[in-house]
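J.: show me how the following folds:
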Amino acid sequence: MHSTPTHDDVDPGTEPKPADPHRIRRRLALILAVLLVLLLLVFIPPLIGVSRFQRRIATNIGASLGRPVHFDRVSLTLLPMPGVTLENFVVEEDPAFGSEPILRAGQVRATLRIASLWRKRVEFSSIAFSAGDAGIAPSVNLVHRADGRWNIEGLLLQASHIEAAPTAQPFAGSAPRFPYIEATGARVNLKLDQEKTPFSLTDADFALWLPQPHQWHLRVESHPVRTDITPGETGTLRIEGVLGGAESSAPIASLAQVPIDLHGDWRDAQLGGLSSLFIGRDAGLRGEFSLTFAILGTIDQNSISGEIKLDKARRDGFVPAHPLTLDVGCQAKIRNSFHSFSSIECHWPPAASSNRSDLILVADLPDVRQPASASATLTLPALPASTFLDWLGVATQHPPTGFAGTGTLAGNIAWNSAGQNSAGQNTANPTVPSPRIHPSHLQPPPPPPAAPHAPTLSGSLVFSGESLQLSALGRKPIPLDDLVLRSTPPPQPASRSRNAKLAPAQPTSPASFDLLPIELPLGGKQPATLEGHFDASGYTLRLTGGALPARLLALAQAIPQFGDGLADLLDTLPKDTTPIHLDLTATRSWGSPQTWRETTPPPPHHHSRH
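T.: Coordinates of the predicted model:
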């Protein structure tokens, strides 16, 4: 049972003291002061008439940019940091590049450096572009003229003439500190002269600051899109790096002199979306694409290196047994402010890897505005046949199954543009083809035909060391001779007598190739012979000699590209087990079915293999 303590039981030393009224009043006064300041920060800015400074602010910003500047309204804000807000901000374009504004944003928020006011100078710590309440997302128009100039050159040159201290400098100095400039949800449009192209960057997040004097740090993340269609997933493009050199204190005289050190990547892109982006339609490709790159030098002259990766690449509508996976390393020299690419060299696998390159591409593009000026050579030192057959399995639903996959594909194909003598002018030095390939099969591409201004496709490919494996006949692999595809040589001038007139030379197709005769063991007393001709319109194959119908049918089934349409013709041939004599011709126009028919042998025309 508890008893309630009485007054006499309480220790006089622990008796509570009455509260100090002065201390309470001081605390209440402090709380009221804080509340008053907060109320002032909320209600006073709208009462301050900063709108009378609108014209002066626009004039000062325009003088800094070198372009006229307009905005509808300016307001003062004190929370969370003091600053000003500009509504419907517009930077006009240089008339030499058009009439559409170079920059537009629904809202621009400039945050003030409070410490700078003690030095009687206004500095902003950050400038942020956003859509604002008006919902007008920041947009930039990049204009490229036919003479090679960009509309942003004037802005960059103007900025280089303004003395500024680093953005993160803790204390104010003689030069104002460069603000941290950022934009969210922006859009970048590309125009060629007065024509707006369908290519844009959307949802772009942009940041620019000055880590050291005369050196800008840039960061951009965006999504490439095409405005005239609805492309698929094009991934995310990121670029980061520095523009300008901190060691130089003199302002730049031209944009071409600006040092650059940029790196970036292109991730999460799908091949279907990329084909729609670049060619305006879905090319029926599926798979993932990624790219990493680095650019070092100046805007006028620099070098670029990168790595391209394809993962699970295939045609739409079917999944091959071995989807295509590639890892390609490339490098190039860039001149004339990204208008000329030379010494382009790509290796698969990359040259830096421990594996030998199976595919090498060297090229030159003298002027990106004239794609027809490009020249390129594709070299296959000794691509394993199994890899080549896997590629065919990606390209077609019915890949050939009649090859054992034990050989190699070697050779080179050269594209020579108008006025170029040879793609060999490239500085790259590709790997020498496998020495077991007969040298005569890999002769250098022939010179261009009589028309010197027509671009040509030439070269040769050799499929060697391969065997036929016709499982339907239960036979062991049958070794094959080399399959040689060689560009058609230019016509030889006809001999003439002293009194005869020289007949004009017949022009040769700029992309014409011959399949040199190859013997096929099809069960006849003598091997059958297959030869063909390929050009820009289609191809023709001719099969002559003896063959067993059953073996020919097995070959047609094992190599669907060869056997397309052949079964219908075989139904009309004898079904016995004795060899028959064949003289068949297959024709196909690109994009159309292949047809076989019996033909009368044309006049003898012998191809030389050596």
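J.: show me the shaky parts of the stretch 251-400 of the chain.
T.: Along the stretch 251-400 of the chain, segments meeting pLDDT under 70 span 251-252.
J.: please redo it, this time with the cut-off set to 90
T.: Across the stretch 251-400 of the chain, the ranges flagged by pLDDT under 90 are 251-258, 283-285, 314-324, 337, 351-357, 368-373, 386, 389-400.
J.: for it, which segments count as strands?
T.: 259-270, 285-298, 302-315, 324-335, 340-348, 359-365, 375-384 (DSSP state E, counting those that start in this stretch).
J.: residue ranges of each domain in the chain, please.
T.: Per the record, the chain has its domains at 40-213, 520-598, by automatic domain parsing.
J.: and the closest residue to Ser386 other than its chain neighbours, what does it touch?
T.: Using C-beta to C-beta, 6 or more residues apart in numbering and skipping residues adjacent in sequence, the residue nearest Ser386 is Gly405, 4.0 Å away. For the C-beta atoms, the positions are set from N, CA and C on the backbone; glycine is no exception. The contact partners of Gly405, by C-beta atoms under 8 Å, 6 or more residues apart in numbering, come to 384-386, 389, 466.
J.: got the buried residues for stretch 464-472?
T.: By neighbour count on 16 or more other C-beta atoms under 10 Å, the buried set for stretch 464-472 is 464-470.
J.: would JSON lines of the strands of the stretch 251-400 of the chain with distance to Ser64 be doable?
T.: Shown next, in JSON lines, are the strands of the stretch 251-400 of the chain (distance: least, C-beta to C-beta, whole Å):
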{"stretch": "strand 259-270", "distance to Ser64": "23"}
{"stretch": "strand 285-298", "distance to Ser64": "25"}
{"stretch": "strand 302-315", "distance to Ser64": "29"}
{"stretch": "strand 324-335", "distance to Ser64": "31"}
{"stretch": "strand 340-348", "distance to Ser64": "34"}
{"stretch": "strand 359-365", "distance to Ser64": "38"}
{"stretch": "strand 375-384", "distance to Ser64": "46"}
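J.: picking that back up, mean pLDDT lowest for which of the domains of the chain?
T.: Lowest mean pLDDT of the domains of the chain: domain 40-213, a mean of 84.
J.: can you select the buried ones from the contacts of Gly405 in PyMOL?
T.: Buried residues within the contacts of Gly405, by 16+ other C-beta under 10 Å, are selected in PyMOL with:
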select buried, resi 385+389+466
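J.: put together a markdown table for the contacts of Gly405, with distance to Gln557 on each row.
T.: Putting the contacts of Gly405 into a markdown table (distance: C-beta to C-beta, whole Å) gives the following:
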| residue | distance to Gln557 |
| --- | --- |
| Pro384 | 24 |
| Ala385 | 20 |
| Ser386 | 20 |
| Leu389 | 16 |
| Glu466 | 18 |
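J.: which residue, other than its chain neighbours, is closest to the one residue sitting closest to the centre of the chain?
T.: With distances taken as C-alpha atoms, centre = their mean, Leu291 lies nearest the centre of the chain, 7.3 Å away. Residue nearest to Leu291 in three dimensions, not counting chain neighbours: Trp266, with 4.1 Å by C-beta to C-beta, 6+ apart.
J.: what's the separation between that neighbour and Thr234?
T.: 9 Å (C-beta to C-beta, to the nearest Å).
J.: got it, and Arg597?
T.: Per C-beta to C-beta, Arg597 is found 47 Å from Thr234.
J.: who has more neighbours, these two?
T.: Ranked by neighbour count (other C-beta atoms under 10 Å), Arg597 and Thr234 place Thr234 first, with 22 against 10.
J.: so the more buried one touches Thr202, yeah?
T.: No: using C-beta atoms under 8 Å, Thr234 is not in contact with Thr202; the gap is 9.8 Å.
J.: need the overlap of contacts for the two.
T.: 223, 225.
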